[in-house]
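Enquirer: Okay, here's the prediction I keep looking at, along with the sequence it came from:
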Amino acid sequence: MPQGQSFAWMCPEAPHWAPLPVLSPVPSPNTAPPVPASSPSAPPTEALVIIPTYNEVANIGQVIELVLAQPVPISILVVDDNSADGTADAVRSKMAEAPDRIHLIERSGKLGLGTAYLRGFRYALARGFTYICEMDADLSHDPDDLPRLIEPVRADDVDLAIGSRYVKGVRVINWPLSRLVLSYSAGIYTRTITRLPILDVTAGFKCFHRRVLEALPLDRVNSDGYAFQVEMHYRAWRAGFRITEVPVIFTERTEGESKMRREIVVEAAFKVWELRLRDLAGRL
């Protein structure tokens, strides 16, 4: 097999699928029922998608256009980590076109994916958004799938809808075989240790109902990258929230550089043990 060969891993099914049945949550004995928080002002839309960026000027303009074009009105929050390539400037130029739906937070440096999402969560909660989504800036997540993630949460069928690469087959395009094996194996490893009933444990494309983020102890979440996604899924599941996986197609970026690093994988490998042990000790 030639080195660096990439593959398209797909199942021959129609491009739209029904989500899997809602996962059975395991209630946490020390979690109080979530109480909705009042919002200081009503947002122009009910849904917000948080998009962390670092040197994504080649992609962010198109991503914003595609999100704004969705049939479901969705606002956008870009959290930029002081990109040197002008990503924030590109976002500002788009803000002039839709100032009520595009938001920008600029941070002082590359502070990590986890802290970017946590900053975004707090921003969304403070401004009264009900449906709070995560999405990458590199077009690996298709903005056309956002309504499919928001729909089951809006219908109150679930509290968290995850865009999954691994339900009803493997749905990844242009990944090297080595990365696919790493990702799939990470799911098996994580589920074995934590018993988390999610196939795509590291998925970064999802929609939360605000009550999930209001109830979780966000100040205790201190992981990054893959580990951040695993931790959010595990905490939501253990808190008793309803979760489903919606099949989506993941396409490897064509512009810009991947943010994958060895440190991200190592952190995730240790984080699953930390989460499980803390949970068993009643200190999650």
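Expert: Arrived safely, thanks for sending. Numbering: from 1, shown residues only.

Enquirer: Tell me if I'm right that I243 and I162 touch.
Expert: Yes. Shown here, I243 and I162 form a contact pair, counting by CB atoms under 8 Å, at 6.7 Å. In short, each C-beta sits where N, CA and C put it, glycine included.

Enquirer: Of those two, which one has the most company?
Expert: I162 (31 against 22; other CB atoms under 10 Å).

Enquirer: A161: what secondary structure?
Expert: strand (DSSP: H, G, I helix; E, B strand; the rest coil).

Enquirer: Next: D279.
Expert: Going by three-state DSSP: D279 is helix.

Enquirer: got the residue ranges for the strands in the stretch 101-250 of the chain?
Expert: For the stretch 101-250 of the chain, the strands defined by DSSP state E, counting those that start in this stretch occupy 102-106, 131-134, 160-164, 172-176, 206-209, 243-247, 250-251.

Enquirer: So which elements touch the first one?
Expert: This points to strand 102-106. strand 74-80, helix 87-95, helix 113-126 (3 or more CB pairs under 8 Å, 6 or more residues apart in numbering; DSSP states H and E).

Enquirer: Next: the fifth one.
Expert: Based on contacts counted as 3+ CB pairs under 8 Å, 6+ apart, the elements that strand 206-209 packs against are strand 131-134, helix 146-154, strand 160-164.

Enquirer: out of those, nearest to L218?
Expert: The closest of the helices and strands packed on strand 206-209 to L218 is strand 131-134. By CB to CB, the value is 11.9 Å.

Enquirer: In contact with the residue minimising distance to the centre of the chain, which residues?
Expert: Nearest to the mean C-alpha position of the chain, counting by CA atoms, centre = their mean, stands G204 at 3.1 Å. Contact analysis of G204 by CB atoms under 8 Å, 6 or more residues apart in numbering lists 113, 134-136, 141, 229.

Enquirer: Can you name the two of those residues that sit furthest apart?
Expert: Of all the pairs that these form, the one spanning the most space (CB to CB) is L113 and H141, at 13.7 Å.

Enquirer: Point out where the stretch 151-284 of the chain drops to low pLDDT.
Expert: 253-264 (pLDDT under 70).

Enquirer: residues near the nearest residue to D159 once chain neighbours are set aside, how many?
Expert: Nearest non-adjacent residue to D159, counting by CB to CB, 6 or more residues apart in numbering: F241, 4.0 Å away. Counted by other CB under 10 Å, the residues lying close to F241 total 22.

Enquirer: repeat for N55
Expert: Neighbours around N55, by other CB under 10 Å: 20.

Enquirer: cool, I64 as well?
Expert: Neighbours around I64, by other CB under 10 Å: 25.

Enquirer: Let me know the angle separating the helix or strand it falls within from helix 87-95.
Expert: Following DSSP states H and E, the helix or strand that holds I64 is helix 57-68. Counting by axes from the mean of the first three to the mean of the last three CA atoms, to 10 degrees, helix 57-68 points 30 degrees away from the direction of helix 87-95.

Enquirer: Roughly how far does I188 sit from R165?
Expert: 14 Å (CB to CB, to the nearest Å).
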